[in-house]
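1. After the sequence you'll find the predicted model.
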Amino acid sequence: MNKSRLHIHLLILLLLVSFVYGQQLAGLMGKVGGIAIIGNERIPEWKIKRLMRTQEPVWYKRLLGRTPDFNSRQFESDLRIIKEYYISEGFLDVEVTANAHIRTQEKNRLYLNVFIIEGPRYFLDSISLQGTFPQTIPKEQVMQIISCEIDKPINPNALQNDTRSISRYFKDRGYPYVKATSRYDVTEDSSAHVTITVEPGEKAYFGSVSYSGLTLTRESILRREVAFKKGGLFSNKKVITSKERLYRTGLFSLVSMEPIDIESSPETLNYHITVAEKRPRWIIATIGAGGNENYDLTGEATIGWGHRNLFGTGREFTIEALSEWNIIDLSNLRNRFETTYREPWSFGTRTPITLNLYFEPGNSVEIPQYKIQKIGFDISAEHSTQKRYTHKIYFNYERADIYDITDPDVRREVFGNTEPITRRIGYSCIHDNRDNLLVPTCGSYFAGAAEVAGYFLGGDEHYTKVSLGLRRYISIRSKYVFAIRGRTSVIGNWREDEDVLSHHRFYLGGASTIRGWKEKTIGPTDSNGDPRGGKLLLLGNMEFRAPIIWHLWGHIFFDSGNLWDYAEAFHPNDIKASTGWGLALVTPVGPVRFDYGYQIINADKNGDNSAWHLSLMYAF
């Protein structure tokens, strides 16, 4: 018997076994005792088991006598997933079957066997592109879209993705009726040839746009969000962008965009937009918990009223009152009352301008050297780009009433005016391409900011502040996460006999910066031993995160950095560092985190060299 006939017989036998055992698995019930992968040669067992939702009991569950239930439908789905994965790796003829048996001494425990006949692995030998290509979209340009690589295992799913990418490419360049198809042929020498056929169809242009569903909003608000104009070359991307822009206004709960009269005028696409408007007025009353760089765990209560569509123009007006507390010692950090007006469009562009008036009563305990009451306003303009960059510029005017000064040196070291007026301008840039804002597993986050107060702006305070920060998240084997963060901030004053007030300075220590030290305990102190803040900050963090069970994750970390009274005082030997471990329960609103940190470099000589931290969200 030659090799090809033997292969055919094995396939027939495998299909019979698959049918028989498939009927048996459908009626099986019990606990999963173990899973064995049989026949795999080129795909490792650990990778196959990771594809399956049917899991073996882990060691600690075995000790507790808790093992997962067997679900026949889920197991059948696992077998299909394994097969699809093999096919995506070039094993086009793969067969995946399974059976189960019960050991005599372990009743109600199912031991599952997954049988795999991999078959030959096919490699892509050539790609040919056929069809009609307009001068504006030459064949060479289309070939660059194809991601499938010669001499690599053929992946039918990737081929379908390439076909869809080609179709989108033509639709974004005036060809809404394009048809792109693909097929592959294999040979006995385990090679594959791919043929992609493209028929562009008729070229089309945008026509008129009509609207329905508007009762509260002016039609001009919709028109300015539409990314295409009458007579412009058709682009499906512009249609999608228009829909996204309408949702981002916050005025509509539903947006539908459909072409009309296609049969009568296929070369001109008229669109009809149907919207469902949200109620313009809203009332908010919330109680929640959070955290920031200065405090591990804070509570916050907010009450407010707002209107999101003043006079049907999309302008927004809100009034809010906020109270923030330190949950650990129940101290009131700050209260704030603010009124905000937002203009969504300015200078004929999608650049929102926001005017904010605020008042903070002087009952804050955040600054130990004094109490401070603030009143002021700021006006800002913000612009976001398609590459996830957000730019913001702002101007702030603030009058602060400083009183109850506990350290007499503070008045002399800073300045005599206890009601300083601050005028400042600033710019910030944020680039965020994290895959998840609450629990990031890959991507990065960059934030840079610069602020100038006083000098040519006038006022009683004069300083310059610059801050740069970068976070990076690396996914390891699609299961673990390695996260790193680096940050540096500096604030300087260039006038003699003047310093920077404590509420403008930086602070370190706690669950979100350097664990192992309590909140705000790193850096310069005043004559009473209270933290005064520093003007140069360096911070570095590394953290390895891994799932443990259910939604519980564990992590180990290394934190380092320090805070100096001024930039010239920096010395690398002053760097502090800590290490430790933590647990995070991932909830729909973010992780609840518990950390233990131990000081290992430049530990405090007096006091405890470790600290427990309870907080919300990851440190970074």
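-> Thanks, I have the structure now. Numbering: from 1, shown residues only.
2. For Gly290, see how far away Glu320 is.
-> Separation of Glu320 from Gly290 (Cβ to Cβ, to the nearest Å): 16 Å. All C-beta atoms are positioned from the backbone trio N, CA, C, and that covers glycine.
3. now Asn71
-> Distance of Asn71 to Gly290, given as Cβ to Cβ: 39 Å.
4. For this protein, which helix or strand comes out least confident on mean pLDDT?
-> Sorted by mean pLDDT, DSSP states H and E, the helices and strands of the chain end with helix 3-26, the least confident at a mean of 47.
5. what's the following helix or strand after it?
-> strand 31-38 (DSSP states H and E).
6. Please name every helix or strand in contact with that next one.
-> helix 45-51, strand 109-117 (3 or more Cβ pairs under 8 Å, 6 or more residues apart in numbering; DSSP states H and E).
7. highest average neighbour count across the ones you listed?
-> Of all the helices and strands packed on strand 31-38, strand 109-117 has the most neighbours on average by mean count of other Cβ atoms under 10 Å, namely a mean of 20.
8. Just want the angle from that strand to strand 31-38.
-> Relative orientation of strand 109-117 and strand 31-38, computed by axes from the mean of the first three to the mean of the last three Cα atoms, to 10 degrees: 20 degrees.
9. Each with direction, which strands does strand 109-117 pair with?
-> Sheet pairing of strand 109-117 (DSSP bridges) gives strand 31-38 (parallel), strand 95-102 (antiparallel).
10. Name the surrounding residues that touch the first one.
-> With contacts defined as Cβ atoms under 8 Å, 6 or more residues apart in numbering, strand 31-38 is touched by 45, 48-49, 52, 54-57, 67-70, 103, 106, 108-116.
11. helix, strand or coil for the spatially most central residue of the chain?
-> Nearest residue to the geometric centre of the chain (Cα atoms, centre = their mean): Asn436, 2.6 Å. On the three-state scheme (DSSP: H, G, I helix; E, B strand; the rest coil), Asn436 is labelled coil.
12. ok, and the closest non-adjacent residue to Phe570?
-> With Cβ to Cβ, 6 or more residues apart in numbering as the criterion, Phe570 has its nearest non-adjacent residue at 5.4 Å, and that residue is Trp564.
13. That neighbour - how many residues pack around it?
-> 19 (other Cβ atoms under 10 Å).
14. What's opposite it in the beta bridge?
-> Applying DSSP bridges to Trp564 gives these bridge partners: Leu536.
15. how near is it to Ile405?
-> Trp564 sits 24 Å away from Ile405, going by Cβ to Cβ.
16. Work out for me the element Phe446 sits within.
-> Element membership of Phe446, judged by DSSP H and E, is strand 443-453.
17. Give the partner strands of that strand in its sheet and their orientations.
-> With DSSP bridges as the test, strand 443-453 is paired with strand 421-432 (antiparallel), strand 463-476 (antiparallel).
18. so which of the ones you listed comes closest to Ile491?
-> Across the strands paired with strand 443-453, Ile491 has its closest neighbour in strand 463-476 (4.4 Å, Cβ to Cβ).
19. pull the CA atoms of the closest one into CSV?
-> Below are the C-alpha coordinates for strand 463-476, written out as CSV (Å, rounded to 0.1, in the frame of the first residue of the first chain):
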residue,chain,number,x,y,z
TYR,A,463,7.4,79.8,37.7
THR,A,464,7.9,77.4,34.8
LYS,A,465,6.7,73.8,35.0
VAL,A,466,7.6,70.9,32.6
SER,A,467,6.5,67.3,32.8
LEU,A,468,7.1,64.3,30.6
GLY,A,469,5.8,60.8,31.1
LEU,A,470,5.7,57.5,29.1
ARG,A,471,4.0,54.2,29.9
ARG,A,472,4.5,51.0,27.9
TYR,A,473,2.6,47.8,28.0
ILE,A,474,3.9,44.5,26.5
SER,A,475,1.8,41.4,26.2
ILE,A,476,3.7,38.2,26.8
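20. Identify each buried residue in the helix or strand just after it, please.
-> Once the chain leaves strand 463-476, the next helix or strand it forms, by DSSP H and E, is strand 480-492. Buried residues in strand 480-492, counted by 16 or more other Cβ atoms under 10 Å: 481, 483-487, 489-491.
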